[in-house]
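Asks: generate coordinates for the sequence data below:
(one chain, ligands or ions: 2)
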Amino acid sequence: MSITEFERVTVLPMDEYNQKLVANVHPGNWVNPQPVDCYDLVVIGAGTAGLVVAAGAAGLDLGLKVALIEKNLMGGDCLNVGCIPSKCLIRSSRVVGEIWKAKDLGINISQHIEVDFSTVMARLRRIRAGISHHDSATRFQNLGVDVFLGNGKFASKNTVEVGGKILKFKKAVIATGARAVKPAIIGIEEAGYLTNETVFSLIQKPNKLAVIGGGPIGCELAQTFQRLGCEVTLFHNGSHILNKEDKEAAEILQKVLIAEGIRLVLNSKLEEVVTVTEGKRLYFSAHGHRDSVTVNEILVGAGRAPNVEGLNLETVGVEYDKTLGVKVNDYLQTTNPKIYAAGDICMNWKFTHAADAAARIVIKNTLFSPFGWGRSQLSSLVMPWVTYTDPEIAHVGMYADEAEKLGIEITTIKIPFSSVDRAIADSEESGFLKIHHRKGSDEIIGATIVANHAGEMISEITTAIVNKIGLSKLSSVIHPYPTQAEAIKKAADAYRRTLLTPRTKKILEYLTKLS
Ligand SMILES: Cc1cc2nc3c(=O)[nH]c(=O)nc-3n(C[C@H](O)[C@H](O)[C@H](O)COP(=O)(O)OP(=O)(O)OC[C@H]3O[C@@H](n4cnc5c(N)ncnc54)[C@H](O)[C@@H]3O)c2cc1C
Ligand SMILES: NC(=O)c1ccc[n+]([C@@H]2O[C@H](COP(=O)([O-])OP(=O)(O)OC[C@H]3O[C@@H](n4cnc5c(N)ncnc54)[C@H](O)[C@@H]3O)[C@@H](O)[C@H]2O)c1
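Replies: Ligands and ions are numbered 1, 2, ... in the order given. Okay, here's the model as predicted:
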């Protein structure tokens, strides 16, 4: 192996935890294997999508030859700079949120609470390193996958090049993911900013933090850092945060963020960033006024750009768009029928579980659907998602306006958590459950839950939608009392009550008389 075959990677700070992480997911002493004559599958990118394709194909023990190429850290965004580190920080910050509520619950915290920021960050690094063996190069090698560290790019219609080696393929999968969009703000490059790739490397708390973007990344991390003791200003260019979500749900969270002390600047236009002695000064306008704020750090969470560059996609006839990513059909096939794509590189659903589900479709369609028989379709998936703020916002299926656009008539049942005993006992009454069902039928079309553990509750509704279980059947499912998930039963019961027509009421009255 030549020393130039792949670049060594470091993850700051290179303490014992990050050393362990790197040793698992980008070992510096890795020796790329000698390629076999022809691979059944060559996968570029070892994030969730690539790992699931490779493990799924090789793990079938059918003797399939699979190559997996990763230029940076195996595990991709989710393990290294996404779900896992963010959820570790959220866990610590939830303790602060609980302490803030303690007085209302009759608990006096007499001492000033102190966030030990460096310990919070060390915990993140320890946990991330601790689970990184799942995605390690050695584990995948042991599964029978040829793991190549290095930058992969198409060399011809049926070959990929990595570190000077040529891998011939029958089918290839592009799973190169996405990265943070660079904001077009004068002076921001010179001033410097954090993204999800660097924020989890912080070892010192930025006392004042500006967060750009009120999407899932911005909201989750703005609340987290505010709770961890930073003074956060959140800039969002829309009229309310989480503008892809149910508006009422987003409004509840918005009120919480403001109540917790975040300075929320809506309809903001960031004009310039200037480095001053005190830090980074952001000049902005909002609602017709110009203003500025000076912070120690800026965190950008303003959307994702697909990693389409440098893959030689033109050479292999794979069409793409720099904003939307690689163009795929419903079978996740690109414009080159031998090349497929999965995950953030090609999908609107930018979630780990979506990348995982897409990878399973790719395995089926590339390896087990000769002549296109029995291919799986992306559009057949029922996709839930959760924004892990406090309260969480979980959603599955359609929003009311989406249903309206498609001409689907719906009825919405809303159960406020102020009517759910467990939520009242928990003093967690501000959220709601909304279920949209087809008008005149019990078929569930979509649902949104706003609750502290909404993410744990949404799967019941996803299961119902996937298995075509309507509200009538859900109302016969016994939910333990008292749980917040009882809200789902309440919604189902509310639907059942709408079936009580004057005629059925008369029949019931008659039955009572006879009983
Ligand atoms: C801060 C944050 C929090 C998130 N939280 C959640 C969450 O709670 N729940 C959730 O479901 N989703 C969450 N997500 C989204 C989730 O991380 C992504 O949807 C998921 O990681 C996408 O997986 P992927 O395999 O498509 O891409 P990635 O994980 O981006 O993996 C792509 C891989 O390809 C590699 N690569 C790129 N180009 C090349 C090349 N030319 N050669 C070789 N390798 C290459 C990259 O280095 C990378 O490792 C979060 C994202 C962020 C940023
Ligand atoms: N819990 C989760 O599952 C989770 C958590 C984090 C991220 N993610 C995934 O990552 C993706 C990316 O998240 P994201 O929050 O970066 O993207 P996003 O596109 O969802 O939200 C970014 C927001 O920033 C706003 N914005 C853009 N430029 C701005 C500017 N200059 N000033 C102010 N506001 C600006 C946009 O209007 C947009 O609403 C999400 O779509 C999601 O799929 C998921």
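
Asks: what residues does the chain put near ligand 1?
Replies: 44-50, 69-73, 76-78, 82-83, 86, 151-153, 175-178, 196, 217, 307, 310-311, 343-345, 350-353, 355, 388 (C-beta under 6 Å from any ligand atom). Placement of C-beta: from N, CA and C, glycine included.

Asks: chain neighbours aside, what residue packs nearest to the one residue in the chain that gets nearest to ligand 2?
Replies: Closest approach of the chain to ligand 2 (C-beta to the nearest ligand atom) occurs at Gly215, with a separation of 2.0 Å. Leaving aside its sequence neighbours, Gly215 sits nearest to Gly301 (C-beta to C-beta, 6 or more residues apart in numbering; 6.2 Å).

Asks: now do the residue most central in space within the chain against Cys230, distance only.
Replies: When C-alpha atoms, centre = their mean is applied to the chain, the residue found nearest the centroid is Phe351 (3.7 Å). Look at Phe351 and Cys230: by C-beta to C-beta, to the nearest Å, they are 26 Å apart.

Asks: what parts of the stretch 101-250 of the chain come near ligand 2?
Replies: Where the stretch 101-250 of the chain comes near ligand 2, counting by C-beta under 6 Å from any ligand atom, the residues are 183, 212-218, 220, 235-238, 243.

Asks: how about the chain?
Replies: Neighbours of ligand 2 within the chain, by C-beta under 6 Å from any ligand atom: 183, 212-218, 220, 235-238, 243, 268, 270, 301-304, 350-351, 385-388.

Asks: okay, the residue in the chain sticking out farthest from the centre: pLDDT?
Replies: When each C-alpha in the chain is compared with the mean C-alpha position (C-alpha atoms, centre = their mean), Leu514 comes out farthest, at 56.8 Å. The predicted local confidence for Leu514 comes out at a pLDDT of 89.

Asks: before we move on, what about Gly317?
Replies: Per-residue confidence (pLDDT) for Gly317: 98.

Asks: so where's the chain uncertain?
Replies: By pLDDT under 70, the low-scoring segments of the chain are 1-5.

Asks: let me see the domain layout of it.
Replies: Following the assignment in the TED database, the chain carries domains at 16-74+137-179+305-368, 199-302, 391-502.

Asks: give me the distance between the two termini of the second one.
Replies: Across its full length, domain 199-302 reaches 14 Å between end residues, using C-alpha to C-alpha, to the nearest Å.

Asks: pull out the buried residues from the residues of the chain next to ligand 2.
Replies: Buried residues within those, defined by neighbour count using 16 or more other C-beta atoms under 10 Å: 183, 212-218, 220, 235-237, 268, 270, 301-302, 304, 350-351, 385-388.

Asks: residue of the stretch 301-450 of the chain closest to ligand 1, please.
Replies: Distance from ligand 1 to each residue of the stretch 301-450 of the chain (C-beta to the nearest ligand atom) is smallest for Gly343, at 2.1 Å.

Asks: give the helix, strand or coil label for that residue.
Replies: coil (DSSP: H, G, I helix; E, B strand; the rest coil).

Asks: give me the contact list for the longest helix along the chain.
Replies: Residue-count comparison of every helix in the chain, with assignments taken from DSSP state H, identifies helix 83-102 as the longest. Contacting residues not belonging to helix 83-102 are listed as 77-78, 108-109, 113, 115, 120-121, 123-124, 127-128, 131, 196, 200, 217, 220-221, 223-225, 227-228, 260, 352, 388, 390, 427 [C-beta atoms under 8 Å, 6 or more residues apart in numbering].

Asks: please flag which of those sit within helices.
Replies: Filtering those for helices - DSSP H - leaves 77-78, 120-121, 123-124, 127-128, 131, 217, 220-221, 223-225, 227, 352.

Asks: might you calculate how far stretch 501-513 sits from the centre of the chain?
Replies: Stretch 501-513 sits 50 Å away from the centroid of its parent chain (C-alpha atoms, centre = their mean, to the nearest Å).

Asks: about what we covered before: now the angle from the longest helix of the chain to helix 216-227?
Replies: Orientation note: helix 83-102 sits at an angle of 50 degrees relative to helix 216-227 (axes from the mean of the first three to the mean of the last three C-alpha atoms, to 10 degrees).

Asks: please save the CA atoms from helix 83-102 in CSV.
Replies: Coordinates of the C-alpha atoms in helix 83-102 are reproduced here as CSV (Å, rounded to 0.1, in the frame of the first residue of the first chain):
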residue,chain,number,x,y,z
CYS,A,83,-27.8,12.0,15.0
ILE,A,84,-25.6,10.5,17.7
PRO,A,85,-23.5,13.5,18.8
SER,A,86,-26.6,15.7,18.7
LYS,A,87,-28.7,13.3,20.7
CYS,A,88,-25.9,13.0,23.3
LEU,A,89,-25.9,16.8,23.8
ILE,A,90,-29.7,16.9,23.8
ARG,A,91,-29.7,14.3,26.6
SER,A,92,-27.5,16.5,28.8
SER,A,93,-29.5,19.6,27.9
ARG,A,94,-32.8,17.9,28.9
VAL,A,95,-31.5,17.6,32.4
VAL,A,96,-31.1,21.4,32.5
GLY,A,97,-34.7,21.7,31.1
GLU,A,98,-36.0,19.4,33.9
ILE,A,99,-34.1,21.5,36.5
TRP,A,100,-35.7,24.7,35.1
LYS,A,101,-39.1,23.0,35.7
ALA,A,102,-38.2,21.6,39.1
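
Asks: show me what contacts the residue nearest to Gly215?
Replies: Each residue near Gly301 by C-beta under 8 Å, 6+ apart is listed here: 180, 195-196, 211-213, 215-218, 221.

Asks: just the buried residues of the contacts of helix 83-102.
Replies: If you count burial by 16+ other C-beta under 10 Å, the buried members of the contacts of helix 83-102 come out as 77-78, 115, 120-121, 123-124, 127-128, 196, 200, 217, 220-221, 223-225, 227-228, 260, 352, 388, 390.

Asks: circling back: any chance of the contacts of Gly301 in TSV, plus distance to Gly470?
Replies: Written out in TSV, the entries for those read as follows (distance: C-beta to C-beta, whole Å):
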residue	distance to Gly470
Ala180	41
Thr195	44
Asn196	40
Val211	41
Ile212	43
Gly213	38
Gly215	33
Pro216	30
Ile217	35
Gly218	37
Leu221	38
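
Asks: which one is the single nearest residue of the stretch 1-150 of the chain relative to ligand 1 nearest to, not counting chain neighbours?
Replies: The stretch 1-150 of the chain approaches ligand 1 most closely through Gly47 (1.9 Å), counting by C-beta to the nearest ligand atom. Spatially, and ignoring its direct neighbours in sequence, Gly47 is nearest to Gly76 (2.2 Å; C-beta to C-beta, 6+ apart).

Asks: I figured that neighbour hits Thr48, correct?
Replies: Yes - here Gly76 lies in contact with Thr48, judged by C-beta atoms under 8 Å, at a distance of 6.0 Å.

Asks: so Phe169: helix, strand or coil?
Replies: When the structure is reduced to helix, strand and coil (three-state DSSP), Phe169 reads as strand.
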